[in-house]
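[1] Just to be clear, the model below is a prediction. Sequence and coordinates:
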There are 2 protein chains.
Amino acid sequence: MPTGPLPDHLRDLLAKPNPAVIGTVRPDGQPVTVATWYLLDGDRVLVNMDEGRARLEHLKNEPRVSLTALDSEGWYKHVSVRGPVVELADDPDLSGIDRLATHYTGKPYANRERGRVNAWIEIESWHAWDGGKALR
Amino acid sequence: MPTGPLPDHLRDLLAKPNPAVIGTVRPDGQPVTVATWYLLDGDRVLVNMDEGRARLEHLKNEPRVSLTALDSEGWYKHVSVRGPVVELADDPDLSGIDRLATHYTGKPYANRERGRVNAWIEIESWHAWDGGKALR
């Protein structure tokens, strides 16, 4: 399970608008996974949640998360990054969710009614596979 | 977060050979996610691991897992199931991984050299989304 910076070819993979799933841990220790948009933002990964998500409370209790991105050109190639959420910040003008929506759909986020929260994940370690072969 | 049996339309979704990600928890409490094949096997979910996977040890320590399946026809529709691994069993004749490989690729599993282990997940609770809309 390599640590340190992602190699460029995996940064390039992670930079695409790929299907992804984030894993968090509930206060009772149970893992929870859900599909999510994400964005490679410098060396961190940005995700964004509705202000009402239970996941937001879980993150305050256990900031460590794992995110698996499936290559949009074929999901047998996938990269997973792990690390803590190092910053949580309200997204009052929806600029965070708009960045994500634009990355995935080419358009700003449709729902302007609900409050949103940005979370930035620091990449501490990662692993990547292409079929049965580990990528380095 | 509904508990109890999956409604039929979500069983039908889960029964397809969808891209999926499983989340487990390491002994230090950190979540780990990775892409996986899975199969709806009666009311349980079957996954299969290489005998050398660290994930196998994690499961003995913390049997609760979460699996998110992304609809193969469009990943904004997704279903997540949570619950414990209630059975772990060696797969000496590779019949378990062959079931999974056949489900996804139409062919038995190519690598006959490595030992494999089956894990059956009991579905205790689930959630499903189609875009921003929760599915029931």
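    Perfect, I can see it now. The structure presented is a predicted model; accordingly, all values stated were derived computationally and were not measured. Numbers count the residues shown, from 1 in each chain, chains lettered A, B, ... in the order given.

[2] quick one, helices of chain A?
    In chain A, the helices defined using DSSP state H lie at A:8-14, A:54-61, A:95-105.

[3] quick one, which of those is nearest to chain B?
    Nearest of these to chain B, taken as CB to the nearest CB: helix A:54-61 at 8.0 Å. Heads up, the C-betas are built off the backbone N, CA and C, glycines and all.

[4] average pLDDT across that closest one?
    The pLDDT scores in helix A:54-61 average 91.

[5] Bridged to A:Ile40, which residues?
    Careful, residue A:40 is Leu and not Ile. A:Val45 (DSSP bridges).

[6] Can you verify my assumption that it contacts A:Leu13?
    No - the criterion here is CB atoms under 8 Å, and A:Leu40 misses it with A:Leu13 at 9.6 Å.

[7] Compare those two and say which one has the larger neighbour count.
    Neighbour totals were compared for A:Leu40 and A:Leu13, and A:Leu13 leads with 23 against 19 (other CB atoms under 10 Å in any protein chain shown).

[8] Let's see the pLDDT reported for the most centrally placed residue in chain A.
    The residue lying closest to the centre of chain A (CA atoms, centre = their mean) is A:Tyr38, at 4.2 Å. If you check A:Tyr38, the pLDDT there is 98.

[9] where's it relative to chain B, distance?
    12 Å (CB to the nearest CB, to the nearest Å).

[10] how about that residue, what does it touch?
    By CB atoms under 8 Å, 6 or more residues apart in numbering or on different chains, the contact set of A:Tyr38 is A:20, A:22, A:45-47, A:67, A:69, A:100.

[11] could you redo the last one with a cut-off of 10 Å?
    A:Tyr38 is in contact with A:14, A:17-22, A:45-48, A:67, A:69, A:81, A:100, A:103-104, A:119, A:121, counting by CB atoms under 10 Å, 6 or more residues apart in numbering or on different chains.
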